[in-house]
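Student: Sequence and predicted structure below; questions after.
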Amino acid sequence: MSGMEGICTSCGAHYYGWALQNPLAQCCGKCGGTLMVSQDGIPFASGPFNLKAAVATSLMAPQFTVSQNLDLLQN
């Protein structure tokens, strides 16, 4: 099959589609295992997704309120 394919390393479940390019979609919906993703039979590496690092990074970003964002847009 051509296109994106993901196979769970734990339970062997198969997943197909372009969404597998996103690291957030590279975990098994059945068991939570890691998917081995390939594109047209060639291994596709986007890097592992680290939820703890993503949350920590988003918490360090400046937090603005809606009114602050509107002020920034108007100036």
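Tutor: It's in. What you see is a predicted model; the values in this text were computed from it and never measured.

Student: List the buried residues for stretch 27-40?
Tutor: 27, 28, 33, 34, 35, 37, 38 (16 or more other C-beta atoms under 10 Å). In this view, the C-beta of every residue, glycine as well, is placed from N, C-alpha and C.

Student: So residue 26 is in contact with residue 34, correct?
Tutor: Yes. In this structure, residue 26 is within contact of residue 34 by C-beta atoms under 8 Å, at 6.9 Å.

Student: hang on, the earlier thing: take the buried residues of stretch 27-40 and lay them out in CSV including distance to residue 15.
Tutor: Formatted as CSV, the buried residues of stretch 27-40 follow (distance: C-beta to C-beta, whole Å):
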residue, distance to residue 15
27, 10
28, 8
33, 11
34, 12
35, 6
37, 8
38, 11
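
Student: Which ones among those map onto helices?
Tutor: Judged by DSSP state H, the subset of those located in helices is empty.

Student: Could you report the pLDDT at the residue nearest to residue 31 when sequence neighbours are not counted?
Tutor: Using C-beta to C-beta, 6 or more residues apart in numbering and skipping the chain neighbours, the partner closest in space to residue 31 is residue 11 (4.6 Å). pLDDT recorded at residue 11 is 94.

Student: Residue 11 against residue 27, yeah?
Tutor: No. Contact between residue 11 and residue 27 fails when scored by C-beta under 8 Å: they sit 11.6 Å apart.

Student: if we can go back for a sec, which residues touch the residue nearest to residue 31?
Tutor: Residues in contact with residue 11 (C-beta atoms under 8 Å, 6 or more residues apart in numbering) are 28, 30, 31, 33.
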